[in-house]
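**Q** no sequence for this one, just the structure:
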């Protein structure tokens, strides 16, 4: 798995391989069949899609459900919500919000502790990357925004205007694993003395010029842009909260399915599942304890899955995806 997202490693297919949404940006869900196979194990049950996006997974889930089935979807992106409003199905409801709050949202819909499956498709999507006005892309010039929900929070431009050099370097290093974080942060702070960063193309050019070691096949701004996006949207904190909330919102026997796109996400998912599979098995040697006292809450459903060669050939952006699934025990 490639550890970093770039312009070619998001969640959706390139334009030739997908259908356009109502906003004109094409998309196709990664690991679609595998994720839905792992998620839906009772066609008459209730499920939650924590990241509606442009609805690929939600539509596939609905195809598997009987008339008694139910699907609750969440997304914080207003464009995703607008897309979801076009889906007319009495079994489906969409709510705008952060998936970190999925337990609370499930409770509002009387589904807390009753969900038979929760799906999280984590990361940025091609409709977001491909729309210059969203400010995610270093290849397409646009306003330097990067917010999943442009109506809330601080934009990347506003944060870069006020953050200290040390804070910027820490974000580049922590969320982008950028070797030259200090050097790039210094270049950003030095340049902003003359004029603020307002455009993605401007920032990308400064980072490109300042970067001393370009990687083959990767734009020099890739890691810094990823880091900014993750920080601005608190993506890793959101994921931690969503995983914990999903475990509580699931019914016993319910399935948790998570698709991630870089190692920072996948390490968190892997660790979360492993900890709840082990339970209290890390007790000191010799402590007398029965199996039912270990408080194990999850069991893994097979090994991690990655896209097939055929899917990667059709959709290069799928190559970094990894899917993990688990079943709630109690």
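**A** Received the coordinates, thanks. Note that the structure is predicted; figures quoted are calculated from it, not measured.

**Q** In this model residue 47 seems to touch residue 114, though I could be wrong.
**A** No: if you go by CB atoms under 8 Å, residue 114 and residue 47 don't touch, sitting 10.5 Å apart. Using the backbone N, CA and C atoms, a C-beta is placed for each residue, glycine as well.

**Q** who's more crowded, those two?
**A** Of the pair residue 114 and residue 47, residue 47 is the one with more neighbours under other CB atoms under 10 Å, namely 30 against 16.

**Q** Next up, identify which helix or strand that one is on.
**A** strand 46-49 (DSSP states H and E).

**Q** same deal with residue 228?
**A** Assessed by DSSP H and E, residue 228 sits inside helix 222-232.

**Q** Packing partners of that helix?
**A** helix 156-162, helix 165-176, helix 200-210 (3 or more CB pairs under 8 Å, 6 or more residues apart in numbering; DSSP states H and E).

**Q** how far off helix 165-176 does it point, in degrees?
**A** 100 degrees (axes from the mean of the first three to the mean of the last three CA atoms, to 10 degrees).

**Q** quick one: average confidence on helix 222-232?
**A** Averaged across helix 222-232, the pLDDT comes to 97.

**Q** what's the average pLDDT for whichever helix or strand comes after that helix?
**A** Downstream of helix 222-232, the next assigned helix or strand under DSSP H and E is helix 235-249. The predicted model assigns helix 235-249 a mean pLDDT of 98.

**Q** what separates whichever helix or strand comes after helix 235-249 from the chain centre, distance-wise?
**A** Sequence-wise, the next helix or strand downstream of helix 235-249 (DSSP H and E) is strand 250-260. Its chain's C-alpha centre and that of strand 250-260 lie 15 Å apart, by CA atoms, centre = their mean, to the nearest Å.

**Q** ok, and what's touching strand 250-260?
**A** Contact with strand 250-260 is made by 11, 30-31, 35, 38-39, 41, 113-123, 243, 246-247, 266, 269, 273, 298, 301, 321-330, as judged by CB atoms under 8 Å, 6 or more residues apart in numbering.

**Q** any chance you could map the strands in this structure?
**A** Secondary structure of the chain by DSSP state E: the strands cover 19-20, 26-27, 46-49, 70-75, 92-96, 115-121, 250-260, 298-300, 322-328.

**Q** Nearest to residue 81, out of the ones you listed?
**A** Among the strands of the chain, strand 92-96 comes nearest to residue 81, with 4.8 Å by CB to CB.

**Q** angle of that closest one against strand 70-75?
**A** Angle of strand 92-96 versus strand 70-75, following the same axes, to 10 degrees, is 20 degrees.
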